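Asks: please work out how this folds:
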Amino acid sequence: MTTKPKPLRRLQDGENLSLPHSRPMPGIGPKCHELRVSDRNHTWRIVYYLDADAVVILDVFAKQSRETPNQVIDAFKLRLKRYQDLR
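Replies: Numbering: from 1, shown residues only. Modelled structure (predicted):
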């Protein structure tokens, strides 16, 4: 029996994901998304940026509220800016 790869592996393989696995986060920047990954105890969020040749992970955290706090979004924006400045 063949199983489908996990969402993060699918991203790394170049697949574009949409809901329910991934949703855009334009408040952080273009090509930024939030990947939803569940395990037994938590629902994890992986905030990532799709570059031409990379999936850049901006943060991983356990989802605890409906909305992402503004200070957390600001931290994502700063990490993205640092990455883009280095490119």
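
Asks: how far out from the middle of the chain is the least confident helix or strand in the chain by mean pLDDT?
Replies: In the chain, the helix or strand scored least confidently by mean pLDDT, DSSP states H and E is helix 7-12, which has a mean of 86. Using C-alpha atoms, centre = their mean, to the nearest Å, the distance from the centre of helix 7-12 to the centre of the chain it belongs to is 11 Å.

Asks: what comes into contact with that helix?
Replies: 4, 17, 21-22, 35-37, 46, 48, 50, 55 (C-beta atoms under 8 Å, 6 or more residues apart in numbering). Where C-beta positions appear, they are placed from N, C-alpha and C, glycine not excepted.

Asks: same question for stretch 22-37.
Replies: For stretch 22-37, the surrounding residues in contact (C-beta under 8 Å, 6+ apart) are 6-8, 11, 17, 20-21, 43-51, 58, 63, 68, 73, 76-77, 80.

Asks: L78: what secondary structure?
Replies: Following DSSP: H, G, I helix; E, B strand; the rest coil, we place L78 in the helix state.

Asks: what stretches of this protein score poorly on pLDDT?
Replies: Counting by pLDDT under 70, the ranges of the chain that qualify are 1-2.

Asks: okay, how far is it across stretch 17-28, tip to tip?
Replies: 18 Å (C-alpha to C-alpha, to the nearest Å).

Asks: tell me the phi and psi of D39?
Replies: Dihedral angles phi and psi of D39 (degrees, to the nearest 10) take the values phi -130, psi -170.

Asks: perfect, I'm done here.
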